[in-house]
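Colleague: Predicted structure and sequence below. I'll ask about it afterward.
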Amino acid sequence: MKTLEAPWPISLFSRIHVDKTPHSSPMLRFCHSTTRLSSFTPLSFTLRRQLPMASFSAQAVSTGDVKSDANVFELIQKHQEAAARLPPLEEIRTVLDRSVRGMLSTFSQKYEGYPSGSMVDFACDADGTPILAVSSLAVHTKDLLANPKCSLLVARDPEDRTDLVITLHGDATSVAEKDKAAIRAVYLAKHPNAFWVDFGDFQFMRIEPKAVRYVSGVATALLGSGEFSKEEYQAANVDPIAQFSKPVASHMNRDHAEDTRIIVQHSTSIPVASAYMLDLDSLGFNVKVLLTVLSGACPQVIDLLLDFVGWLRI
């Protein structure tokens, strides 16, 4: 594959469509998306752990007219600033909808006045309200029953402090018996093996949102943050394409790793040795790339956002 004669996403989703997806599927809508720019521009630019890529090809990528690490960083920053991305609210709703675990903070009953943190599994319902399955034996359950005020922190990439981090503040309420069956279905859709939710000591609780905060790009030139009300948060949409991230990314990383690398280099001019697809939405996809740089001064593994609309301009 030397050149890109047709937009890659169209051909990829056409193949998937033949096998599994009906014509009415929203999967194909992203091919016609319009550019939506936002000041919300997170840039992951930190050293990362070894990547589970198919391979780091020994075939070196030519740096072309890239003269120094500073030039590489300038290319990266310029690309990230210009890339089309979801509006902040839509990205927050989408990340929370796709997430299954976070840090729950409660008011400790044992240590009065002090916060207490617990890692918990959750699932969001259609309104974006987090649903918890909690045991009466758990400390955080006792805390919530005594004081329902709490927060749920979710990081899109827990290994990367520069990536999007969301904090939802709210009040925990027990799910009424008449709603239990519907809430149970929502939770098990995200946690199909959670058979313990039917144990006698378990109950479902909602965290009714009061406000949602986010921060991204910490320790980078692209720092962004903001806060939204419950009404703003619940009015936002979940991106319809994000639900297909896992099968599409798995297919590309398994069968088209070199194609992904060529797409990244062709559309960004950033010299990369390997590219690993992380996720996607209706405007583009995120990749973890191994940079080809001239020295060790610049971090070698970063995250990049590639937007589909940008390819059509090439």
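Modeller: Looks like it came in fine.
Colleague: Pretty sure residue 259 sits against residue 252.
Modeller: Yes: judged on C-beta atoms under 8 Å, residue 259 makes contact with residue 252 at a distance of 7.5 Å. Heads up, the C-betas are built off the backbone N, CA and C, glycines and all.
Colleague: The two: which is more packed in?
Modeller: Between residue 259 and residue 252, counting by other C-beta atoms under 10 Å, residue 252 is the more crowded of the two (22 against 15).
Colleague: Show me what the one helix or strand that one maps to is packed against.
Modeller: Using DSSP states H and E, residue 252 maps to helix 245-255. In terms of contacts (3 or more C-beta pairs under 8 Å, 6 or more residues apart in numbering; DSSP states H and E), helix 245-255 is packed against helix 8-19, helix 257-268, strand 272-280.
Colleague: partners of the last one in the sheet?
Modeller: Pointing back at strand 272-280 there. Each strand paired with strand 272-280, and its direction, by DSSP bridges: strand 284-291 (antiparallel).
Colleague: residues of the partner strand that come out buried?
Modeller: Going by neighbour count (16 or more other C-beta atoms under 10 Å), the buried part of strand 284-291 is 284-291.
Colleague: With only the CA atoms kept, save the helix or strand just after that strand in CSV.
Modeller: Remark: after strand 284-291, the chain's next helix or strand is strand 301-307, criterion DSSP H and E. C-alpha atoms of strand 301-307 as CSV (Å, rounded to 0.1, in the frame of the first residue of the first chain):
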residue,chain,number,x,y,z
VAL,A,301,5.1,7.1,22.2
ILE,A,302,2.2,9.5,21.9
ASP,A,303,-1.5,9.5,21.2
LEU,A,304,-2.8,11.2,18.0
LEU,A,305,-6.3,12.0,16.8
LEU,A,306,-7.0,11.5,13.1
ASP,A,307,-10.2,13.0,11.7
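Colleague: strand partners of strand 301-307, parallel vs antiparallel please.
Modeller: Strand 301-307 sits in its sheet next to strand 284-291 (antiparallel), going by DSSP bridges.
Colleague: can you list contacts of the strand it pairs with?
Modeller: For strand 284-291, the surrounding residues in contact (C-beta atoms under 8 Å, 6 or more residues apart in numbering) are 48, 51, 53, 56, 72, 83-85, 249, 260-261, 264, 270-280, 298-310.
Colleague: Any idea how far it is from the middle of the chain?
Modeller: 13 Å (C-alpha atoms, centre = their mean, to the nearest Å).
Colleague: Please apply the same query to stretch 187-207.
Modeller: 24 Å.
Colleague: Report the mean confidence score over it.
Modeller: Averaged across stretch 187-207, pLDDT comes to 98.
Colleague: What residues sit buried inside it?
Modeller: Using 16+ other C-beta under 10 Å as the test for burial, stretch 187-207 gives 187-188, 190-191, 197, 202-207.
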